[in-house]
Each structure stands twice: as structure tokens, then as C-alpha cells.
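Peer 1: model this:
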Amino acid sequence: MLKTRYLLALTLILMSVACTNTKKSEKADSNKDMETAKYYSDEMFLFVGTYTSEGGSEGIYLYRMNIESGVVDSVRMIEANNPSYLVISKDEKHLYAVSESGENSTVSAFSFDNSTGAMSHINTQSTDGADPCYIEIDKLGNNVLTANYSGGSISMFSVRDDGGVSSVNSVINFEGSGQDESRQASPHLHSVRFSPDGRFLFATDLGTDKIYRFKSLESVFEGQPLVIQSDITEIDVPAGMGPRHFDFHPSNKYMYLLGELSGEVVVYDYNDGDLSEKQTIVSDSLGARGAADIHVSPDGNFVYASNRLKGDGISIFSINKDDGMLTKVGYQDTGLHPRNFVITPNGSFLLVACRDDNKIQIFSIDKTTGLLSDTGKDIRLSKPVCLKFASAQ
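Peer 2: The predicted structure follows:
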């Protein structure tokens, strides 16, 4: 009898242990599944535009990045000539790229599958404006626009049903000059962007120290331009500034403008298309006259601005949550010629395209201080100049 009771007790203990281990195993498998799902949901595609004229790069390069870990894998490349700036359609099914090639410059359309990363060329059209250096697409994905640096103009294209671009349906040309005889002898359009609500188009002219604002037409017929030259508001910026790139605060209350020549950031209150200047703060303290790109962190707490030619790096500013004004809190050295950079949507990493060091640097972001730390996970690539993210399915 005693032996029977002992065997029964031992059996119950073994069953309990087995059940516990099974639950632990199921829980571990469940956690593993959750981690795997999280890994893939945190992955994004990274497009890289390059300069190909020196023979190192061949076009647009595509990578897959986990924006939690910072791990990057190469996916593929599609040939293009000097695709120095890119834009992705709002539905992420198409990619548009300028070809910065003097008077022979073009804009090209590509299809994109964000489940596989497959890309294919759709068509190419002349910009009718020399050296486009920025490209934008409207909120509905029906119109593509380029800012033509040497041409001093904005070119507009309709988007076809297949995602391709029409021939140019309008070119807006500008006139004037600035105080710098060598850099501002004529208009140099450097960026063109829609307001966050899509109701206004803003363009910066490095050559004339102006921001141009247009109202975006609500209803556009096929072949009709989205904005018209007669509906223009000119906004003067500080003389000699050379306005280049700008970004809006996530609250849509402020706009931050970077001057390439002055190396300064101008802070504006933004209200329904109107800009009210409220602060000017130095980004490039060395006077290198090569400030390049500017972005606001996704959480709206920091502004980052890149500087080239001397002391190449990224200026870091904290944003006052009450009025949007800036305080400089740090500076991060980078590789040579940080022409463009991008922040991951989760605000964890900042990637810098260092054109003359032939690499993309990946910095982790301290979300409390805004400061950057080099992860050492460089992406080696000849002449990278533009970085854009798209979601990965």
C-alpha cells in the first residue's frame, strides 16, 4: 500500500513538472513569436540616392533596416543617372527621382513593391530646368514638382494612372539676385515642399533670399498645374542667408529654415500659410557657407541641422515646448560632406549621407538629451546624397 501511494505521488509530481515545463515552453515560443513579429513590424526600406557621374555608384540603392536594432541589410539597386534627390508617393507604391545633369536633367518614375522591395522603371521626362536638386509630390499623389537649382525654376508634372510622370505641364521661372555676387547672381531654387495640410506650396530661393508661397488648387483637371505663378507671395529672409531646406514642427505651429550661406536657422511661427519670424540662431559657427539639411525629431523635441566644408557635422537644438524657440545643446562630428540626413520614424536613429567619405553613418539618438552616438554600423556606398524611408510589409 505504501509503495502504491509513493508511486502515485511521484506520478503526480512528474505530471506537474511536465505541465509547468510545457507552459514555460509555450510561453517562450509565444515570446519568440512576439519578438519575431515585432522585428518585422519595425523594419523599413531605406532608399539611397547617389551621384553616379564619377563612376562609383550606378543609381538608386535599396536597403532594409530594423529601426529598433539599427541592423541594415542590402536589398538591391536600380540604375539611374545622378539620382540626387528622391520622393516616395504617399501610398508608397512609387518612387520619383531627379537626374541632376545640367540642361539635360530629367525626372524618373519607378514602381515599388514594399513587400518584396522590387523596383522597376516606368518612364523618364525632361524637367525643362537645369540641375533639379529637390523633388516633391502632392498629398493625393497626383502631381510631382522639382526645384531646379541652376534653372532657377519649379517644374510640374502630372502623375499618370500607371504611376509614371507626364511631360512638363508648367514651369515657373523666377528672377532676381542677392547680395553675394558669386553665389547669388541669379535665382537658385533649392527646395519645394507642401505645408503639412497640403494647402500651400513653399519654395526656397537661395539666389534671391526669398521664400515663395503658392496656394495649392483644390480641383485640378488633367494637365492643369497644381499651382500658378500669378498666385505667389514673396517672403523675404535675412539678406545673405541663402535659404536651402526647411522643416515643420509636428504640431504644425512652427517652421524651421536653414540658410546655406549664413549657416543660421530661422524660426517662424506658422499659421494657415503665414510665417512670422521670431528667432535666428547659428548652426554653422565656422562660417563655412555650406549648411545643408534640417529636420525636426518625430517627437518634436529637437532640431538637427547639417553643416559641410568645415568642421563637418550635425548641430543639435532643443525646442522650447511652449514657443518653439531653439537652444543649441550639442554638435556631432560626421564624415565629410553631410549633404542629407534622415531620422527613423521612431526617433531612435539618425542616418547621415556623407558624400565625400562614401558612407552612410548611423547614429543612435538619446531621446532625453537629443545627443547622438555613432553606432559604427556604417553603410559603405559611393557618393550617397539622399536618404528616404518607406514601410516594409
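Peer 1: Run through the protein and note the low-pLDDT ranges.
Peer 2: Scanning the chain for pLDDT under 70 picks out the ranges 1-41, 218-223.
Peer 1: any chance you could map the helices in it?
Peer 2: Ranges of helices within the chain are 2-41, based on DSSP state H.
Peer 1: S155: neighbour count?
Peer 2: 28 (other CB atoms under 10 Å). For every residue, glycine as well, the C-beta is placed using N, CA and C.
Peer 1: wait, what's in contact with it?
Peer 2: Contact criterion CB atoms under 8 Å, 6 or more residues apart in numbering gives 107, 127-129, 132, 145-146, 148, 168, 170-171 as the residues in contact with S155.
Peer 1: 6 Å instead, please
Peer 2: Shown in contact with S155 (CB atoms under 6 Å, 6 or more residues apart in numbering): 127-129, 146, 168, 171.
Peer 1: who's it bridged to?
Peer 2: T146, V171 (DSSP bridges).
Peer 1: Run through the residues that contact the closest residue to D162 other than its chain neighbours.
Peer 2: Among residues not flanking D162 along the chain, I122 sits closest, at 6.2 Å (CB to CB, 6 or more residues apart in numbering). Contacts of I122 were listed using CB under 6 Å, 6+ apart, and they are 109, 111, 163-164.
Peer 1: Just give me the closest of those to E136.
Peer 2: The shortest gap between E136 and any of these belongs to A109, at 13.9 Å (CB to CB).
Peer 1: Count the neighbours of the closest one for me.
Peer 2: Counted by other CB under 10 Å, the residues lying close to A109 total 22.
Peer 1: try L86
Peer 2: Other residues within reach of L86, judged by other CB under 10 Å, total 22.
Peer 1: So it sits against V98, correct?
Peer 2: No - contact status for L86 versus V98: not in contact, 8.0 Å apart, counting by CB atoms under 6 Å.
Peer 1: what touches both of those two?
Peer 2: By the contact definition CB under 6 Å, 6+ apart, L86 and V98 are jointly contacted by no residue.
Peer 1: quick one on the thing from earlier: which one of the contacts of I122 has the most neighbours?
Peer 2: Each of the contacts of I122 was scored by neighbours using other CB under 10 Å; the highest score is A109's, at 22 neighbours.
Peer 1: how far away is it from M77?
Peer 2: Counting by CB to CB, to the nearest Å, the gap from A109 to M77 is 17 Å.
Peer 1: swap in L371?
Peer 2: Following CB to CB, the distance that separates L371 from M77 is 33 Å.
Peer 1: I154 now?
Peer 2: Counting by CB to CB, the separation of I154 from M77 is 29 Å.
Peer 1: Neighbour count for those two, which is higher?
Peer 2: Set I154 next to M77 and count neighbours by other CB under 10 Å: I154 wins out with 29 against 16.
Peer 1: How many residues are close by the nearest residue to the more buried one once chain neighbours are set aside?
Peer 2: By the measure of CB to CB, 6+ apart, the closest residue to I154 outside its immediate chain neighbours is I172, 4.5 Å from it. Taking other CB under 10 Å as the neighbour definition, I172 ends up with a count of 22.
Peer 1: Make residue 1 into 35 and carry on from there
Peer 2: Sure, I'll start counting at 35 from here, so that last one is I206.
Peer 1: Surely I206 and Q263 touch.
Peer 2: Yes - I206 is within contact range of Q263, at 4.7 Å (criterion: CB under 6 Å).
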